[in-house]
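Undergrad: what's the 3D shape of this:
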Amino acid sequence: MTQRRASGEGRPANATERRRGRARPRLLDLFSCAGGAAMGYHRAGFAVDGCDIVDRPNYPFAYHHGDALKYLAALIASGEIERYAFVHASPPCQHGCALTVGTNTSRGWGRAHLDLVAPVRDLLDETGLPYVIEQPNGRAEMRKDLTLCGEMFGLGVIRHRNFEVRGWSVEQLAHVPHRGRVRGWRHGRFYDGPYVAAYGNGGGKPTITELQTAMGITWTDVREELTEAIPPAYTEHIGHAALAQIAPSLGVAA
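TA: Coordinates of the predicted model:
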């Protein structure tokens, strides 16, 4: 497992970081979990700082342990938000997630969940920075400017995710037909298939090693972190597209 990294607080207030002779625009990763999104942006060319309310010792970059909304508001109030060139936010999705809304509601399970998309968007608009908000398929009230699927990147998960973007634009990739079913038990019957179920535990769910391989995530072996993560391939694609548009204004190479 990777060791805990120091918080990003106290760094120079600029939007780029020099690494190996190259300027990297700095990106703020809100609700960062274990860093699936962060790793993709890092591979695309960003320097990444995370923030998550849960202690995440496996997060592979600098991060702030705390409430993401409060942290973002504090960065705006202090002017420290200017150290960043781009923001990614993955607010909790249980309120509108298709799995929660469908299965749990139909069986009378579950509880009330917060919908943080709107308050996150309001604060992100205050920053004046280009940003992206990520959510799974479901009832979250957001634009679906981009929808990505694991099959677009040859991954062992389907994992549809929607992205709302502001301050830049992105072209929708063609959706690639799925090659079969998600492996696991459904209503008392086992189905085989080329994809693993990256959620829950039981019912024919994959091993940790299978999840790591399918998602392209190797730095954590915590099931909850793996099942909540975005495959890095998604944000590497997004990062390249965003960087190509914002780099000229920062005076750095894309």
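Undergrad: Helices of the stretch 101-250 of the chain, start to end?
TA: With DSSP state H, counting those that start in this stretch applied, the stretch 101-250 of the chain shows helices at 105-106, 117-127, 208-215, 223-228, 232-250, listed in chain order.
Undergrad: buried ones in the third one?
TA: For helix 208-215, a neighbour-count test (16 or more other C-beta atoms under 10 Å) marks 211-215 as buried. Just so you know, the C-beta spots here come from the backbone N, C-alpha and C atoms, and that holds for glycine as well.
Undergrad: and the residues you listed as CSV, adding distance to Met152 and pLDDT?
TA: Below are the buried residues of helix 208-215 laid out as CSV (distance: C-beta to C-beta, whole Å; pLDDT from 0 to 100):
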residue, distance to Met152, pLDDT
Leu211, 19, 96
Gln212, 20, 98
Thr213, 17, 98
Ala214, 14, 97
Met215, 14, 97
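Undergrad: which one of those is nearest Tyr71?
TA: Met215 (26.2 Å; C-beta to C-beta).
Undergrad: just checking, the closest one touches Val157?
TA: Yes: using C-beta atoms under 8 Å, Met215 and Val157 qualify as a contacting pair, with a distance of 6.0 Å.
Undergrad: Pull up the overlap in contacts between the two.
TA: For the pair Met215 and Val157, residues contacting each of them under the criterion C-beta atoms under 8 Å, 6 or more residues apart in numbering are 198, 231.
Undergrad: Just give me the longest strand of this structure.
TA: Determined from DSSP state E, the single longest strand within the chain is strand 22-30.
Undergrad: Return the list of strands paired to it, each annotated with direction.
TA: Using DSSP bridges, the strands paired with strand 22-30 are strand 16-19 (antiparallel), strand 47-52 (parallel), strand 86-89 (parallel).
Undergrad: what's around Leu138, how many residues?
TA: Heads up, residue 138 is Gly, not Leu. 17 (other C-beta atoms under 10 Å).
Undergrad: who's it bridged to?
TA: In this structure, Gly138 has the following beta-bridge partners (DSSP bridges): Cys97.
Undergrad: so what's the residue nearest the centre of the chain up against?
TA: Centroid-nearest residue in the chain: Ala37, 3.9 Å away (criterion: C-alpha atoms, centre = their mean). When contacts are counted by C-beta under 8 Å, 6+ apart, Ala37 touches 29, 88, 90, 134, 229-230, 232, 234-235.
Undergrad: Format the residues you listed as TSV; extra columns: neighbour count, pLDDT and distance to Phe61.
TA: Listed next are the contacts of Ala37 as TSV, based on neighbours: other C-beta atoms under 10 Å; pLDDT from 0 to 100; distance: C-beta to C-beta, whole Å:
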residue	neighbour count	pLDDT	distance to Phe61
Asp29	31	98	8
His88	28	98	12
Ser90	27	97	15
Glu134	24	98	17
Ala229	26	96	14
Ile230	25	96	15
Pro232	25	98	12
Tyr234	25	98	17
Thr235	31	98	13
